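>>> fold the following and give me the result.
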Amino acid sequence: MDVMGLRKAMTAQGPGTGPGTGAAADAEPLLPRTVVLVGLMGAGKSAIGRRLATRLHLPFRDADTEIEAAAGCTIAEIFARDGEPVFRSVERRIITRLVKDEPVHILATGGGAFMDPETRAAVRQHGVSVWLRAELDVLVARTARRTHRPILNQGDPRAILGRLMEQRYPVYAEADLTVVSDERPPDVTVELVIDALEAHFGVPLPHRQGQGHGQGQRGGRPGKTDAP
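The predicted structure follows:
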């Protein structure tokens with residue numbers, strides 16, 4: 001599929017056609033905006049995102065899955081055939097559509113998505129971004145033995161992840177909220193995200209009994225009381 005075909009396929013895939021839609025999308029959402037999870041590979045965006053969506057009774061969407069569905073091929077194939085600029089253009093359009101036109105949901109994004117200024121602007125305007133911040137040892141442990149991440153097959157994974165942290169963490173820090181993703185069970189991180197969202201929006205959200213309340217780390221752009 002060429003560039004024009006990618007864009008036509010992406011445009012044709014309108015609201016409600018992707019995974020995660022259904023009864024949850026018809027209920028009154030607990031949040032006013034889509035939650036966009038950002039962070040490096042291994043930060044837990046998909047694992048945390050699915051659990052968070054279940055807890056908040058919202059659909060879960062994965063930007064990479066949406067891109068592959070629109071293109072009819074894998075992201076690796078898009079990179080190999082059309083190059084990164086084409087991929088980023090399609091990624092930008094998909095994410096913008098999801099946060100702007102789709103009902104409120106939980107959206108996991110690829111590690112490089114938030115690096116694009118236009119994508120960040122769309123997320124800032126229409127959603128709320130949450131950076132799942134993980135330390136290097138955590139990322140290395142989580143991505144070990146995962147051969148579907150081509151970038152980590154190009155050298156020493158620890159060195160590659162370290163370089164990506166240096167490049168991307170200053171940009172991820174522009175997210176509205178920051179939550180630490182560490183060795184604790186995913187449900188604990190979900191509680192931290194819920195805490196942060198409660199503080200950000202000023203609305204009560206469902207917690208697991210005996211957990212949550214005050215554990216989240218709020219983050220975001222300077223000058224905002226609800227930002228990191």
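
>>> adjacent strands (with direction) for the longest strand along the chain?
The strand that spans the most residues within the chain, counting by DSSP state E, is strand 127-133. Looking at strand 127-133 with DSSP bridges, its partner strands are strand 34-38 (parallel), strand 177-180 (parallel).

>>> quick one, helices of this structure?
Under the criterion DSSP state H, helices of the chain are mapped to 3-12, 23-26, 45-56, 63-71, 75-82, 84-101, 117-126, 136-143, 157-172, 186-201.

>>> between the strands paired with strand 127-133, which one is nearest to Thr74?
Among the strands paired with strand 127-133, strand 34-38 comes nearest to Thr74, with 21.2 Å by C-beta to C-beta. (C-beta placed from N, C-alpha, C; glycine too.)

>>> can you list contacts of that closest one?
Strand 34-38 has contacts (C-beta atoms under 8 Å, 6 or more residues apart in numbering) with 45, 48-49, 52, 58, 95, 98-99, 102, 104-109, 113-114, 123, 126-132, 172, 175, 193, 197.

>>> please redo it, this time with the cut-off set to 6 Å
Residues from elsewhere that reach strand 34-38 (C-beta atoms under 6 Å, 6 or more residues apart in numbering): 45, 49, 99, 104-109, 114, 123, 127-132, 172, 175.

>>> just stretch 92-103 next, same as before
Against stretch 92-103 from outside (C-beta under 6 Å, 6+ apart): 10, 15, 25, 34, 63, 66-67, 107, 116, 118-119, 122-123, 126-127.

>>> buried members of those into ChimeraX, please.
Restricted to buried positions by 16 or more other C-beta atoms under 10 Å, the ChimeraX selection for the contacts of stretch 92-103 reads:
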select :10,25,34,63,66,67,107,116,119,122,123,126,127
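
>>> return the item of the contacts of stretch 92-103 having minimum pLDDT.
Among those, Pro15 carries the lowest pLDDT, at 39.

>>> save the helices of the chain as TSV, and put in distance to His207 too.
Formatted as TSV, these follow (distance: least, C-beta to C-beta, whole Å):
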stretch	distance to His207
helix 3-12	37
helix 23-26	19
helix 45-56	8
helix 63-71	27
helix 75-82	35
helix 84-101	25
helix 117-126	25
helix 136-143	24
helix 157-172	26
helix 186-201	6
